[in-house]
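1. how would this look folded up:
(one chain, ligands or ions: 3)
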Amino acid sequence: MAPVPISLIKVGHIDDVQELRKAKPTTIPERFVRDRTERPVPATTLSQSSSIPIIDFSKLIKGNKEEFHNEILQLAAACEEWGFFQVINHGVDLNLLESIDKTAMEFFMLPLEEKQKYPMAPGTIQGYGQAFVFSEDQKLDWCNMFALGIEPQYIRNPKLWPKRPANFSETVELYSKEARKLCQNLLKYIAISLGLKGDVFEKLFGVAVQAIRMNYYPPCSRPDLVLGLSPHSDGSALTVLQQRKGYSVGLQILKDEKWVPVQPIPDALVINIGDSIEQVLTNGKYKSVEHRAVTHKEKDRLSIVTFYAPSYDVEIGPMQELVDENNPCKYRRYNHGEYSKHYVTNKLQGKRTLDFAKTQASNSNKESPLSTPPWGNHN
Ligand SMILES: COC(=O)C(/C=C/C1=C(C)CCCC1(C)C)=C/O[C@H]1C=C(C)C(=O)O1
Ligand SMILES: O=C(O)CCC(=O)C(=O)O
Ligand SMILES: [Fe+2]
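-> Ligands and ions are numbered 1, 2, ... in the order given. Presented below is the predicted three-dimensional model:
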C-alpha cells in the first residue's frame, strides 16, 4: 500500500478544550462523547482495594545488601504484575519538578493565539494540539497536549520550542537531562531484576530517543461522558510521568480487567514499562499495561510525560535469555524506527499497536498508512 501524504489526512475541526470550557462551560460536542462501553465508571465503583507498587530508589543506589536485594525483588514483581510503579527518593531535584510543573502551566495558560504559534500538524505528534487524530469520525480526548522531541538532536523541530514563558526551553532541557539519567538508572536495575547484566539495555539502545509530552486536562462538566486520554500502552521502553500535586486523580491503569486509579504521592514519579521494548525484549515477562486518563467536574489536571526508547536504527526482539520451551518466542525481530512509525501513525487504541510485533499476527507486516518519519514532519 502506498503511503498517504499528510496533506490528505482530514481530521475536521478539533475544538481546543480549554477554549471550549471558557466559552461554553456545559457544552460537550458530540466528537468528545464516548460510546457507552468506553465511558469512565464513577470513582466509587473503581477498584479501591489495590494500588500500584512503590519502589524506593534510594535503596537501589545506596541501600545495604539486604535492602538492595529486597527492592530488586519488589521491582521485578512490579514490572511483572503491574507494569507500573511509583518511584520515591528518585534523586531528581524536587525544585526542578516544581519548575517544570509551573512552566508547563504557564504555557497552557497563555492565550490560544500564542500557543498556536507551535501547532501540531495533522498526522504529526510534536507541538500544541491533539496527537493521534487521523480521521473526522474519530472521538477526541478532553485534553490539550504539547509535545517535543528531545534526543537525539535530529528529532528536534526548533520552530516548535516556545519563546514564552521565557524560561520554557531552559527548564525543559534541565528536566529532560534529569529524566534521562533516571531512565538509564532504572533500566539498569530492571536488567538486574531480570537476571541480566546491568548495562544490557544501555548497550542495546544506542543513543536513546527521548520525548516530552505535557498533557493539560481542563475540568469537564460531564466527566462521565468523555475521556481525558484514550486507552493506550506506551511505545517507549520506559515512561516517566509526573502528576501535579493537589490536583484531580486522573490516571487509571487496567489491572485484571478493572480500571485502577493511580493516587498521586507527593514528590514521587510514576514509571511504566513501554510495550515495544520491555514487552518485546522480555518476551512478555514484564508488562506494558493499558492506561487512560479521566477528567474531573471542577478540577483541572496536568501531567508531564517523558518517553525513553531505543535509537531508531536498532533492531529488537526477545532476548535469548528470556525465551525457552516454556516461554516460546512471542514477538518477531524488527527495527525500532519502523515500529515508531507504526505507533505514531495509528490512533491510540489500547494495546493494538503491539500487534505489529507479534509473531503470528496477520497484520504484523502491514505498511503504515502515512509517510511521516516517527518524529513528525518539520515543515
Ligand atoms: C503516547 O505516546 C507518545 O505520544 C509518544 C511519542 C513520542 C515522540 C514524540 C512526542 C516526538 C518525537 C518522537 C517520539 C515518537 C519519541 C510515545 O513515545 C514512544 C512511542 C514510540 C514509538 C517511541 O519511540 O516512544
Ligand atoms: O495524564 C496521564 O496521566 C496519562 C498520560 C499518558 O499516558 C501519556 O501521555 O502517554
Ligand atoms: Fe501513556
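2. for the closest residue to ligand 2 within the stretch 101-250 of the chain, which residues are in contact?
-> Residue nearest to ligand 2 within the stretch 101-250 of the chain (C-beta to the nearest ligand atom): residue 215, separated by 4.4 Å. To be clear about C-beta, it is placed using only N, CA and C from the backbone, and glycine gets the same treatment. By C-beta atoms under 8 Å, 6 or more residues apart in numbering, residue 215 lies in contact with 143-145, 228-229, 293, 302-305.
3. and the residue of the stretch 1-150 of the chain found nearest ligand 1, its phi and psi?
-> Ligand 1 sits closest to residue 149 of the stretch 1-150 of the chain, with a gap of 3.3 Å, by C-beta to the nearest ligand atom. With angles defined as degrees, to the nearest 10, residue 149 sits at phi -80, psi 140.
4. residue contacts, the closest residue to it other than its chain neighbours?
-> Nearest non-adjacent residue to residue 149, counting by C-beta to C-beta, 6 or more residues apart in numbering: residue 155, 3.5 Å away. Applying C-beta under 8 Å, 6+ apart to residue 155 gives the contacts 149, 209, 211, 375.
5. make it 7 Å
-> For residue 155, the contacting residues are 149, 209, 375, by C-beta atoms under 7 Å, 6 or more residues apart in numbering.
6. which among those end up buried?
-> With neighbours counted by 16 or more other C-beta atoms under 10 Å, these contain buried members at 149, 209, 375.
7. do you know the pLDDT at the nearest residue to the second one once chain neighbours are set aside?
-> On the basis of C-beta to C-beta, 6+ apart, the spatially nearest residue to residue 209 that is not a chain neighbour turns out to be residue 309, at 4.6 Å. The predicted local distance difference test score for residue 309 is 96.
8. any idea how far residue 309 is from ligand 2?
-> 13 Å (C-beta to the nearest ligand atom, to the nearest Å).
9. around ligand 1, pick out the residues from this structure.
-> Proximity of the chain to ligand 1, by C-beta under 6 Å from any ligand atom, involves residues 125-126, 131, 147, 149, 155, 209, 211, 213, 232, 234-236, 307, 309, 339-340, 343-344, 374-375.
10. one more time with 8 Å, if that's ok
-> Within the chain, the positions lying close to ligand 1 (C-beta under 8 Å from any ligand atom) are 125-126, 131-132, 145, 147-150, 155, 209-213, 232, 234-237, 239, 274, 276, 305, 307-310, 312, 336, 339-340, 342-344, 348, 374-376.
11. thinking again about what came up before, correct me, but the residue nearest to residue 209 touches residue 275?
-> No: using C-beta atoms under 7 Å, residue 309 is not in contact with residue 275; the gap is 10.5 Å.
12. need the residues touching each of these two.
-> Residues touching both residue 309 and residue 275 (C-beta under 7 Å, 6+ apart) are residue 235.
13. still on that earlier bit, Serialize the buried ones among the contacts of residue 155 to CSV and add fields for distance to residue 266 and pLDDT.
-> As requested, these are arranged in CSV below (distance: C-beta to C-beta, whole Å; pLDDT from 0 to 100):
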residue, distance to residue 266, pLDDT
149, 30, 98
209, 30, 97
375, 34, 70
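14. surely residue 340 and residue 374 touch.
-> Yes: Residue 340 lies in contact with residue 374 (C-beta under 7 Å); the separation is 3.4 Å.
15. could you pull out the buried residues of stretch 289-306?
-> Within stretch 289-306, the residues that count as buried by 16+ other C-beta under 10 Å are 289-296, 299-306.
16. go on, stretch 258-270?
-> Buried residues in stretch 258-270 (16+ other C-beta under 10 Å): 259-262, 264-265, 268-270.
17. filter the residues you listed by proximity to ligand 2?
-> Near ligand 2, by the rule C-beta under 8 Å from any ligand atom, you find 262, 270 out of those.
18. just the ones in helices from the residues of the chain next to ligand 1, please.
-> Among those, the subset assigned to helices under DSSP state H consists of 336, 339-340, 342-344.
19. nearest to residue 162, of these?
-> Using C-beta to C-beta, residue 344 comes nearest to residue 162 of those, at 21.4 Å.
20. which residues does the one helix or strand in the chain whose mean pLDDT sits lowest contact?
-> Using mean pLDDT, DSSP states H and E, helix 280-281 stands out as the lowest-scoring helix or strand of the chain, at a mean of 82. Here helix 280-281 makes contact (C-beta under 7 Å, 6+ apart) with 316-319, 331, 357.
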